[in-house]
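**Q** For reference, the sequence and a predicted model appear below.
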Amino acid sequence: MADHLPHSGLRAGGPAGSTAGQPAVASGASSGQLDAEHTPVSRPSTKSGRQTGSRYAALDLGTNNCRLLVAEPNRHGPGFKVTDAFSRIVRLGEGVEQSGILSDAAVDRTLSALRVCANKMRRANVSRARTVATEACRRATNGDDFLRRVRQETGIDLEIINPGEEASLALAGCAPLIDPDCQNALVFDIGGGSTELIWVEIDKATGGEARVLGWTSLALGVVTLTERYGGEEIAPEAYRQMVEFVAGELTAFEDGHGIRDIAAGGAAHMLGTSGTVTTLAAVHLGLPRYDRSKVDGIWIDVDDISRVSGLLGGMNFEERAQHSCIRRARADLVIAGCAIMEAIIQTWPMQRLRVADRGLREGMLNQMMTADQTVSQGTD
């Protein structure tokens, strides 16, 4: 995998509690206008310039989840305020590894969620949007047919982004949480069908910009691993095999960048953005129910993550399903997420992990708003 992402120069160390943090550098993001029912979301917008009161939308259709954010720019300074949000587990990629196609049931579930998203964007009078699909649509042979049906039935014009763009957007969304006092950070996004890892260096000479040294996208995630190894009731031996398999997939990235030696010196930290990481953080905190305000931006000792993974691995499916921060929809997938997390921890012995409940959607919103702000300034 190539070592250079499409975007770089992202600022580390923004306010931990901020929804958006610092804006990311924009580059070629498709955008559009939703002005009537079944009007494509990704049609090029006739509006330019970041305007007070403008509404933006970012939709991320992954292998497991369908997520939407609607936001407007902050009146003063960078960042944005979320005005509406939506998230639903749709498991679009269910069975794709075996069959190579998106199943009828998965497509129907996903279309139902996308109709909700389209209605939310219309009600919000969104002036610019970006709507993307990731690994499940990249891999499925009927992915293009699915996109055509989505456009016809919902008006949403999905764009299948490549792994490099996915990694770049994830970094753009969570870069403000990177510790600017560190030398390096390992940013990772554990998805349903793929896992992205980005190795960055904090450039003190430029005020703490996160410069990408290397990245990779692995075609494995919580859905694909669960389908391969099981998830409802998984034996310790199967779990060990899962961890070893993922660790083997990480070897090439370590060999190419020598991250382990830097990590051992204590000058680097991890930054995780995914449902797996946020779920483990919520369990670690003992929250009665998931609360983003208590999870996003917190620091956790890596040993505590391993302890929580062991705790969840010792539960049966029903025990996990009854946990208020996991629930039935994630009760099988969380074990695969723990295995991926364990493989990352074992490969790179860092002491601290920062948790990000932000990622692709925030990256897309920042890029659109920053691009409009640049256009507006250029025409003043």
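**A** That came through fine. Numbers count the residues shown, from 1 in each chain.
**Q** neighbours around residue 245, how many?
**A** Counted with other C-beta atoms under 10 Å, residues neighbouring residue 245 total 16. Every C-beta, even on glycine, is put in place using the N, C-alpha and C of the backbone.
**Q** which SS state does it fall under?
**A** helix (DSSP: H, G, I helix; E, B strand; the rest coil).
**Q** And for residue 364?
**A** Per three-state DSSP, residue 364 ends up helix.
**Q** Name the nearest residue to it, sequence neighbours excluded.
**A** residue 58 (3.9 Å; C-beta to C-beta, 6 or more residues apart in numbering).
**Q** what about that neighbour, which helix or strand?
**A** Here residue 58, judged by DSSP states H and E, is contained in strand 56-61.
**Q** Enumerate the sheet neighbours of that strand, specifying parallel or antiparallel for every one.
**A** If you go by DSSP bridges, strand 56-61 pairs up with strand 65-73 (antiparallel), strand 128-133 (parallel).
**Q** Can you say which of those is packed in most?
**A** Of these, the one with the most neighbours on average (mean count of other C-beta atoms under 10 Å) is strand 128-133, at a mean of 26.
**Q** Could you point out the helix or strand that follows it?
**A** Once strand 128-133 ends, the next helix or strand along the chain (criterion: DSSP H and E) is helix 135-139.
**Q** average pLDDT for that next one?
**A** Taken as a whole, helix 135-139 has a mean pLDDT of 95.
**Q** chain center to it: distance?
**A** Between the centre of helix 135-139 and the centre of its chain there are 15 Å (C-alpha atoms, centre = their mean, to the nearest Å).
**Q** Please name every helix or strand in contact with whatever helix or strand comes next after it.
**A** Next in sequence after helix 135-139, counting helices and strands by DSSP H and E, comes helix 143-154. Contacts defined by 3 or more C-beta pairs under 8 Å, 6 or more residues apart in numbering; DSSP states H and E place helix 143-154 against helix 104-123, helix 135-139.
**Q** quick one on the thing from earlier: the residue nearest to residue 364: how many residues sit nearby?
**A** Look at residue 58: counted by other C-beta under 10 Å, it has 27 neighbours.
**Q** Could I get the contacting residues of it?
**A** By C-beta atoms under 8 Å, 6 or more residues apart in numbering, the residues touching residue 58 are 68, 69, 71, 129, 130, 131, 360, 361, 362, 364, 365, 368.
**Q** between these, which is nearest residue 169?
**A** residue 360 (4.5 Å; C-beta to C-beta).
**Q** From residue 88, how far off is the closest one?
**A** From residue 360 over to residue 88 the distance is 16 Å, taken as C-beta to C-beta, to the nearest Å.
**Q** picking that back up, if the residue nearest to residue 364 is in a bridge, with which residues?
**A** residue 69, residue 130.
**Q** Residue 114 versus that one, what's the distance?
**A** Residue 58 is 14 Å from residue 114, by C-beta to C-beta.
**Q** what does residue 176 give?
**A** Separation of residue 176 from residue 114 (C-beta to C-beta): 29 Å.
**Q** Number of residues surrounding residue 314?
**A** By the criterion of other C-beta under 10 Å, residue 314 has 9 neighbours.
**Q** Against residue 116, how distant is it?
**A** Where residue 116 is concerned, residue 314 sits at a distance of 36 Å (C-beta to C-beta).
**Q** which ones are touching residue 312?
**A** By C-beta under 8 Å, 6+ apart, residue 312 lies in contact with 280, 283, 320, 326, 334, 335, 338.
**Q** Let me have those residues in JSON lines, extended by neighbour count and distance to residue 147.
**A** Shown next, in JSON lines, are the contacts of residue 312 (neighbours: other C-beta atoms under 10 Å; distance: C-beta to C-beta, whole Å):
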{"residue": "280", "neighbour count": "30", "distance to residue 147": "33"}
{"residue": "283", "neighbour count": "22", "distance to residue 147": "36"}
{"residue": "320", "neighbour count": "23", "distance to residue 147": "34"}
{"residue": "326", "neighbour count": "22", "distance to residue 147": "32"}
{"residue": "334", "neighbour count": "27", "distance to residue 147": "30"}
{"residue": "335", "neighbour count": "27", "distance to residue 147": "31"}
{"residue": "338", "neighbour count": "26", "distance to residue 147": "33"}
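**Q** More neighbours: which of residue 176 and residue 114?
**A** Neighbours per residue (other C-beta under 10 Å) separate residue 176 from residue 114, with residue 176 holding more: 29 against 24.
**Q** Pull up the pairing partners for the helix or strand hosting residue 201, direction included.
**A** Assigned by DSSP H and E, residue 201 belongs to strand 195-203. For strand 195-203, the paired strands and their directions (DSSP bridges) are strand 184-190 (antiparallel), strand 209-218 (antiparallel).
**Q** For residue 200, find the nearest of the ones you listed.
**A** Minimum separation from residue 200 across these (C-beta to C-beta) falls at strand 209-218, 4.3 Å.
**Q** in the closest one, what's buried?
**A** 209, 210, 212, 214, 215, 216, 217, 218 (16 or more other C-beta atoms under 10 Å).
**Q** Dump the residues you listed to a markdown table, plus pLDDT and distance to residue 94.
**A** Below are the buried residues of strand 209-218 laid out as a markdown table (pLDDT from 0 to 100; distance: C-beta to C-beta, whole Å):
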| residue | pLDDT | distance to residue 94 |
| --- | --- | --- |
| 209 | 85 | 39 |
| 210 | 88 | 34 |
| 212 | 94 | 32 |
| 214 | 96 | 31 |
| 215 | 96 | 27 |
| 216 | 96 | 25 |
| 217 | 96 | 20 |
| 218 | 95 | 19 |
